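Participant: Sharing a model prediction with you, sequence too.
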Amino acid sequence: MFTKNLKRIVLAILVSLIMTATISNLVSAATYYISEQGARFIQGSIPIENLSPCSSYGLSACQDNNVKRGYLTQGQLGKWLASASGTTRRRMDWYAYIPNSSATFGAVYYNVSDGSATPEVFSVPVNQNTWKGGQVWLGYLSLGYNKSFMWVNTSSCVPGYSCNSSMPIYYDMARFTY
Amino acid sequence: MKRNEVVTSVIAGLILGVLVLATGSPLLGSETASAQLPVADVVTLMRNSHEKWSSVSLDAVTVWHVDGESQTVTMSVQIQQPNQSRISIYQVDNKGNVLVDYLWVTDGKIIYEQNNLSKKYTEHPVPDFAKLPLDDLVKSASVLGEPVIIRHPMAMIMPSPLSDYLFPTGLSQRIGVYTLEKDDMLENRKSVVVNWRNNRNNNSDGGWAQSRYWVDTDTGIILKAITYGENNVVFEEMTITNLTLDAGIPSNAYVFQPPLDYEFIPYAEFTAFGQ
């Protein structure tokens, strides 16, 4: 009697263990997909670098979609200028799209300024290798006088990141909203 | 055993299995318990990591491998949320040349930067956007109506590869696929290893971009990271050590006091800005 019950218990436990392990493995092997759909900018032909004036394109956002490549320690790589009519001080947001690739990109500062005599200026370190295929928000000027510059400077490396002159840096589409 | 006894035992086993799965029974063991954390939950943990801790003190080492050479970065960090931080960065190449010896401090209002190689320092205001809570930033920056990667404001202003590992909300939005690998222990803390790959179809060369993160299961902080470069060769290795959470940071950690023989120069000049 004892042996019979023991067999039943062992069989029941075996079945439960097999079932639990199977389902656990299925759950842990699941993937989570972050959609890339819509991550790209609006396609269009807007003059390179000089994004002014945005309003003539009927957009609240300006963009430059010509990809260019440079290298770390090369010097100033890309610059965008955006301006709007009027003299109202307003918030000006900047975004950058980093191209997709399996290549290894470098880290750079994206610098933003209103270009005035006493400029409001900030810089955001961006490891391009991390944000490939994505549109990264870079912050905003809070009191811009309707004019905003953004540029990538590769002559000074970002502390703590790899700084090798063979590492490529891309500047692709930049966006600006106000 | 008779046939009906076998059937009864199998049914009992199935019921027991369902109960174990439904209740998360300790029968599964602690290792298996965190392995069952769905990868979506790990990504969510990374996204909300900054809500899981208030202060952190740690050391970290990052090694970069480029063109057969390496650069080693040693960092020491103290952070008090929401916006106070101090980080020292020391970077050498494999020939022993010192590339960076840097101090970056913010008290939440002013950012101080000190270059110990040039013996120069500067200061500049914390940008307004970096003073906002993350939730406000997310709402504010989504006006484009398109997916935008919003990094934590502290990650945006700290000049260090550690910043996005300590505030991984931006990494949780990386364009690509996260998969779960395994459980691990680092610094006596439970972690779960996730693998990230980008979309191969979007790469003109048909290769992958890939990273692996050891995500602390309590806080979402990334304790270790490996990033692979071209030909799947390791490009970046980062490991955190001496991690102390929520023990408070002495307030004088965010007081900047440059050496007397260091020269102050304006921010634009310090960073070699120019238009």
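Facilitator: Cool, got the structure.
Participant: Can you check the pLDDT for A:S56?
Facilitator: Looking at A:S56, its pLDDT stands at 38.
Participant: now residue 163, nearest residue through space, not along the chain?
Facilitator: In the absence of a named chain, chain A is used. Excluding its sequence neighbours, the residue lying closest to A:C163 (CB to CB, 6 or more residues apart in numbering or on different chains) is A:C157, at 3.4 Å. Every residue, glycine included, has its C-beta placed from N, CA and C.
Participant: I was after chain B.
Facilitator: Closest to B:S163 by CB to CB, 6+ apart is B:A155, at 4.1 Å.
Participant: ok but the one you found is inside a helix, no?
Facilitator: Yes: counting by DSSP: H, G, I helix; E, B strand; the rest coil, B:A155 is part of a helix.
Participant: before we move on, back to that, name the SS class of the residue nearest to A:C163, please.
Facilitator: coil.
Participant: That one - how many residues pack around it?
Facilitator: Residues within reach of A:C157, counting by other CB atoms under 10 Å in any protein chain shown, total 23.
Participant: My guess is it contacts A:T73. True?
Facilitator: Yes: A:C157 lies in contact with A:T73 (CB atoms under 8 Å); the separation is 7.0 Å.
Participant: Need the pLDDT of the residue nearest to A:C163.
Facilitator: For A:C157, pLDDT reads 82.
Participant: quick one, what contacts the residue positioned nearest the centre of chain B?
Facilitator: Centre of chain B computed as the mean C-alpha position; nearest residue by CA atoms, centre = their mean is B:Y165, 0.9 Å away. Listed by CB atoms under 8 Å, 6 or more residues apart in numbering or on different chains, the contact set of B:Y165 reads B:171, B:213, B:221-222, B:225, B:238, B:240.
Participant: Over to B:T74?
Facilitator: Per CB under 8 Å, 6+ apart, neighbours of B:T74: B:59-61, B:89-91.
Participant: In a markdown table: those residues, plus secondary structure and distance to B:V7.
Facilitator: Listed next are those as a markdown table, based on DSSP: H, G, I helix; E, B strand; the rest coil; distance: CB to CB, whole Å:
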| residue | secondary structure | distance to B:V7 |
| --- | --- | --- |
| B:D59 | strand | 60 |
| B:A60 | strand | 58 |
| B:V61 | strand | 59 |
| B:I89 | strand | 67 |
| B:Y90 | strand | 69 |
| B:Q91 | strand | 68 |
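Participant: Please, which helix or strand holds B:I111?
Facilitator: strand B:110-115 (DSSP states H and E).
Participant: That strand: which residues count as buried?
Facilitator: By 16 or more other CB atoms under 10 Å in any protein chain shown, the buried positions in strand B:110-115 come out as B:111-115.
Participant: Please identify which pair of the residues you listed lies farthest apart.
Facilitator: Greatest spacing in those, by CB to CB: B:I111 and B:N115 (13.6 Å).
Participant: part of a strand, is B:D136?
Facilitator: No: B:D136 is assigned helix when assessed by three-state DSSP, not a strand.
Participant: Which neighbouring elements make contact with the longest strand anywhere in chain A?
Facilitator: Counting residues, the longest strand found in chain A (DSSP state E) is strand A:135-144. When contacts are defined as 3 or more CB pairs under 8 Å, 6 or more residues apart in numbering or on different chains; DSSP states H and E, strand A:135-144 packs onto strand A:90-97, strand A:107-113, strand A:121-127.
Participant: What strands flank the first one, and is each parallel or antiparallel?
Facilitator: The sheet places strand A:90-97 alongside strand A:135-144 (antiparallel), strand A:174-177 (antiparallel), with pairing taken from DSSP bridges.
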